[in-house]
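**Q** Test case, fold it:
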Amino acid sequence: MNVLITNKNQTAIQSLNIEIIKEMHGEFSVDEIAENFKNFFYQRMIIDITAIKEYQDISNLQKLSIALDTDKMILYLGNMVVEEANEFLSTLISMGIYNFTKNIDGIMYLYNNPNTYRDVAHFHNLSNFNQEKEEVETQKGRKISSNKNIVIGIQNLTSSSGATSLIFMMKNHLAVNYSVAAIELNKRDFKYLPGIDMITTTDVSFPKELNKCKEFDVILVDLNQSDVGAKECNEIVYLIEPSMLKLNKFVTLHKKKVRELKDKRVVLNQSMLNSKDVLDFEHEANTKVFFNLPPLDDRDQEIMVLNMFLKKLGFDKQYTEESDKKGRMLGLFGI
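**A** Next up is the predicted model:
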């Protein structure tokens, strides 16, 4: 079921063949919209941009991107006119708003085929974001400092969810633009993987090894359920392999843990779920999925979906644009 928030473009949007569970018509502040839907489950939210009070002020759209789930949002721009239109679209993308269109038919396309960063990257002007800065703050509030490393923990929630292999692939991809080390806690699986700066240690020796890696930009940690390691991480990614067996076993044995995941970065790894399946999973588990990763080839040196995942984590330098979609997407957005 879906939500409509309309104003000047109400007639055109209401003509779409979609199921509606709730609709608001008029002009609303971002706070009013957020209050109405903060605890409301829906599949897609289609927003007529003219329904957002003072939408020309980009800070209001930024508030919207923080208050609502941008993955479920489709922003209809209609015939809006703004100065520096390309810069406006680039700013939307920087906020994580990828599903926008000036075309009514584009709404239905995005409804069935939600965009990823890959689809809109050609609108994104990175020149303002790749300058040397003391700190770059991501949409979720995490800060990556130019003179301080970031420690990212990866933890399997369901058994054998692929943390070790994912870290290996993340390290190889990030190493194109960053200096990266990987540390494994309380196991010795790294010895089966090629590459330098792959460190195996224990909880006791972890602080010492972490200190040795202080000159690296990024430190990836295979936590293996280590509480000691988790305390040293700036951020933790929780992996779930959403097979029926593993998921049901995890939910049955760890009901309290499931409730604690509501505001965490949950990643479905080695996943064959489509976008509808993911929405169903979020509803059943009352948990937001940060990213849906399919099975990956750990021998591949250029995995586009992994680059998209790293981009969403805040690594702006990692993405390399594919230009072959530019023509199709320009036509779709009517821009």
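**Q** where in the protein is pLDDT low?
**A** 81-84, 124-148, 251, 254-256, 258-259, 316-335 (pLDDT under 70).
**Q** swap the cut-off to 80 and go again
**A** Counting by pLDDT under 80, the chain has low-confidence residues at 38-39, 80-87, 94, 117-118, 121-148, 195-196, 244-263, 280-281, 283-286, 316-335.
**Q** Spell out the residue ranges of the helices in it.
**A** Ranges of helices in the chain, per DSSP state H, are 10-14, 30-37, 58-67, 85-94, 104-112, 117-120, 163-174, 206-212, 227-231, 244-253, 255-260, 275-285, 304-313, 326-333.
**Q** May I see the buried residues of the fourth one?
**A** The neighbour-count criterion (16 or more other CB atoms under 10 Å) identifies Phe88, Leu89, Ser90, Thr91, Leu92, Ile93, Ser94 as the buried residues of helix 85-94. No exception for glycine: its C-beta is placed from N, CA and C like everyone else's.
**Q** do you know which of the helices of the chain lies nearest Leu220?
**A** For the helices of the chain, the distance to Leu220 is smallest for helix 163-174, at 4.8 Å, taking CB to CB.
**Q** and that closest one, what other elements does it pack with?
**A** strand 150-156, strand 180-185, strand 218-222, helix 304-313 (3 or more CB pairs under 8 Å, 6 or more residues apart in numbering; DSSP states H and E).
**Q** Pull up the pairing partners for the second one, direction included.
**A** I take that to be strand 180-185. If you go by DSSP bridges, strand 180-185 pairs up with strand 198-201 (parallel), strand 218-222 (parallel).
**Q** Closest one to Met169 out of the buried residues of helix 85-94, please.
**A** Using CB to CB, these come closest to Met169 at Ile93, 24.6 Å.
**Q** these two touch, right, the closest one and Tyr117?
**A** Yes: here Ile93 reaches Tyr117: they are 7.2 Å apart, a contact under CB atoms under 8 Å.
**Q** any idea how far Gln10 lies from Ala85?
**A** Note on Gln10: its distance to Ala85, by CB to CB, to the nearest Å, is 24 Å.
**Q** and what of Leu247?
**A** With distances taken as CB to CB, Leu247 is found 44 Å from Ala85.
**Q** And Tyr98, by the same measure?
**A** The spacing between Tyr98 and Ala85, counted by CB to CB, is 17 Å.
**Q** try Glu260
**A** 43 Å.
**Q** go on, Val266?
**A** Using CB to CB, Val266 is found at 35 Å from Ala85.
**Q** Also Ala182?
**A** In terms of CB to CB, Ala182 sits 42 Å off from Ala85.
**Q** do Ile18 as well
**A** 27 Å.
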